[in-house]
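>>> Could you work out the structure for the sequence below:
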Amino acid sequence: MTWRVQVQNDFAAYGVAITIGDKINSTLLVAKPVVLQLEEIPPMIMADPTLRIEDGLAKALLDALSRHYAGTSDSRMLREDYLHERGRVDKFIDFHLKED
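Okay, here's the model as predicted:
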């Protein structure tokens, strides 16, 4: 399965709306909407997990959330961007230090 995850701002929920789906052959499968409800549990009792998902879906969700909040899902690309920016700033600083 190749999971597809879409993350959008959801102002009504003060958060995000997440759509999860997969395309098998020519059929698009989309997971049913889920409404999370909070319930109070007594101290020292383990709560059931809110969500159980397979690794493939978890990775697709992580990528989608990373793109939504950080602008990129690939941490290597983000690291390259930081290194490029650092090199640019280093050149700028060196240029101005040589002028003094």
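>>> model confidence over the longest helix anywhere in the chain, on average?
The helix that spans the most residues within the chain, counting by DSSP state H, is helix 75-99. Averaging pLDDT along helix 75-99 yields 84.
>>> Geometric centre of this structure: which residue is closest?
Central residue of the chain (C-alpha atoms, centre = their mean): Leu65, 1.6 Å from the mean position.
>>> and for stretch 8-17, what are the contacting residues?
The contact list for stretch 8-17, computed with C-beta atoms under 8 Å, 6 or more residues apart in numbering, reads Val7, Thr19, Leu65, His68. Glycine gets a C-beta too; all of them are placed from N, C-alpha and C.
>>> again with stretch 60-73
Counting by C-beta under 8 Å, 6+ apart, 3-8, 16, 18, 20, 53, 75, 78, 81 sit against stretch 60-73.
>>> of all those, which two lie farthest apart?
Pairwise distances across the contacts of stretch 60-73 peak at 29.1 Å for Ile53 and Asp81 (criterion: C-beta to C-beta).
>>> and the residue nearest to the centre of the chain, that's in a helix?
Yes: assessed with DSSP: H, G, I helix; E, B strand; the rest coil, Leu65 lies in a helix.
>>> still on that earlier bit, gap between the longest helix of the chain and the chain center?
The chain centroid and the centroid of helix 75-99 are separated by 26 Å under C-alpha atoms, centre = their mean, to the nearest Å.
>>> Derive a PyMOL selection command for the buried subset of the contacts of stretch 60-73.
Those of those that count as buried under 16 or more other C-beta atoms under 10 Å are selected in PyMOL with:
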select buried, resi 3+4+5+7+18+20
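>>> All set, thanks.
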